[in-house]
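A.B. asks: Build the 3D model from these lines:
(one chain, ligands or ions: 1)
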Amino acid sequence: MHQDDQHPDKTFVSHFPGHWPGVSPEDWNDWKWQMRHRVTTVEQLEKLIPLEPGERAGVILSGTKLSLGVTPHFFNLIDPENPECPIRRQVIPRMEEATTSPEEMADPCGEDAHMPVEGLVHRYPDRVLFLVTDRCASYCRYCTRSRVVSGAGDQELHTNFEEIFRYLEKHTEVRDVLLSGGDALLFSDERLDYLLGRLRAIPHIEFVRIGSRVPIFLPQRVTPALCAVLRKHHPLWMSVHVNHPRELTVEVRDALGRLADHGVPLGNQSVLLRGVNDDLPTMLALVHKLLQCRVRPYYLYQCDLIRGSAHLRAPVSKGIEIIEGLRGFTSGYAVPQFVIDAPGGGGKVPVNPGYVIYHDKEKVVFRNFEGKIFEYPEAGDPAILQETVPDGLFEDYIYS
Ligand code: SF4
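C.D. replies: Reported below is the predicted structural model:
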């Protein structure tokens, strides 16, 4: 039996209607109703769940940093009785957000320094990050881009769409465009169709990716009409963002299924978060549920050094330990790559458990997931090998 079989959030559950008992299924399934009824104030919060004093202060403070905003769908996943609920920790502000540690930064990935046009980050040679909006369906308290996302902080995002299209037309080295922000899936179908159409009309752009948490926060947005728009613009890939198995509800599973049915390859990016998913049984349950939703666990991120996030950051050693507990013990498809986004703009760096014990010109010595030691002979230079092999041996080998 897998450890995740014991996990309380292993099964797919619908939390409708939860705190909204009077709502009709039609309204609940209307993504615009969900957006209009988001929980955004301390008064709303206090009516729904018992608030901790540190949360009340955190919400008030969030008005000048990163707004509070939670869709009813996602809010229903919170356990009201548990102040340490892993869903709650992700979206309800806490007083600790007011504390900035010396190593923390407003822009930990150094994006602003790589913006040739406002709203476009060109840090890697062949791909760009297109920040299409600063709005999300709900706001994650550890958001890497919290300096601009939600519009509450000091910095504003003024994406210059036409100038970005011109830049991309000129830069023939760009073959991959990632739409993020904020969340592109909050655009209307028509606007998204136009945006994707403009990008797909640029011949050297080979494919487009969308980074979105909308299928998780707001699965109602993944309508058949939206899926039809996305299908028009293939090859189009999507990275979703799920951190805890409870987030994979019946509605989310169905939304992800609709995307997959429309040919959108799906990967997941999780952030390693203290008290949310920094333990192996939770991560196992998450990756197994993701595969059932036809989503490949892609990255596990070490939490960026964003201001006020120390209370949510788990040690790097914990991430390595989790990967070590997955690799070999479950399907290879279930194992994400653990990465650290190098502070200041160095890009993603893979961080792996050490399996190689010794390596020279002759051999590599390594251990497997059970700790057993193996040796593999290093392949030599074929030219040197030929000199040392007796005449005729290669011919025998080739024709035998
Ligand atoms: S959905 Fe993404 S961009 Fe939006 S708040 Fe969460 S982490 Fe930030």
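A.B. asks: any idea how far the residue nearest in space to the middle of the chain lies from Val23?
C.D. replies: Among the residues of the chain, Gln269 comes closest to the average C-alpha position under CA atoms, centre = their mean, at 2.7 Å. Counting by CB to CB, to the nearest Å, the separation of Gln269 from Val23 is 31 Å. Placement of C-beta: from N, CA and C, glycine included.
A.B. asks: mind checking how far the residue nearest to the centre of the chain is from Asp261?
C.D. replies: Relative to Asp261, and taking CB to CB, Gln269 is found at 22 Å.
A.B. asks: Okay, helices next: where are they in the stretch 151-300 of the chain?
C.D. replies: For the stretch 151-300 of the chain, the helices defined by DSSP state H, counting those that start in this stretch cover 161-170, 189-200, 214-217, 224-232, 250-261, 280-292.
A.B. asks: got the buried residues for the fourth one?
C.D. replies: Applying a neighbour-count criterion of 16 or more other CB atoms under 10 Å, one finds 226-227, 229-230 buried in helix 224-232.
A.B. asks: Also the fifth one?
C.D. replies: Buried positions in helix 250-261, judged by neighbour count with 16+ other CB under 10 Å: 251-253, 255-260.
A.B. asks: Output the contacting helices and strands for it.
C.D. replies: Secondary structure elements in contact with helix 250-261, counted by 3 or more CB pairs under 8 Å, 6 or more residues apart in numbering; DSSP states H and E, are helix 214-217, helix 224-232, strand 266-272.
A.B. asks: can we see that at 6 Å?
C.D. replies: Packing contacts for helix 250-261, counted by 3 or more CB pairs under 6 Å, 6 or more residues apart in numbering; DSSP states H and E, involve helix 214-217.
A.B. asks: Run through who's touching the helix it packs on.
C.D. replies: Applying CB atoms under 6 Å, 6 or more residues apart in numbering, the set of residues contacting helix 214-217 from outside is 71, 74, 137-138, 183, 185, 221-222, 240, 242, 247, 252, 255-256.
A.B. asks: let's go with 8 Å and repeat that
C.D. replies: Defining contact as CB atoms under 8 Å, 6 or more residues apart in numbering, one finds that helix 214-217 is touched by 70-71, 73-74, 136-138, 183, 185-186, 221-222, 240-242, 247, 252, 255-256, 259.
A.B. asks: What about the ligand: which of these touch it?
C.D. replies: Among the contacts of helix 214-217, the residues that sit close to the ligand (CB under 6 Å from any ligand atom) are 136, 183, 241.
A.B. asks: Near the closest residue to the second one other than its chain neighbours, how many other residues are there?
C.D. replies: Just to be clear, that refers to Asp183. Residue nearest to Asp183 in three dimensions, not counting chain neighbours: Cys136, with 4.7 Å by CB to CB, 6 or more residues apart in numbering. One way to gauge burial is a neighbour count; for Cys136, by other CB atoms under 10 Å, it gives 25.
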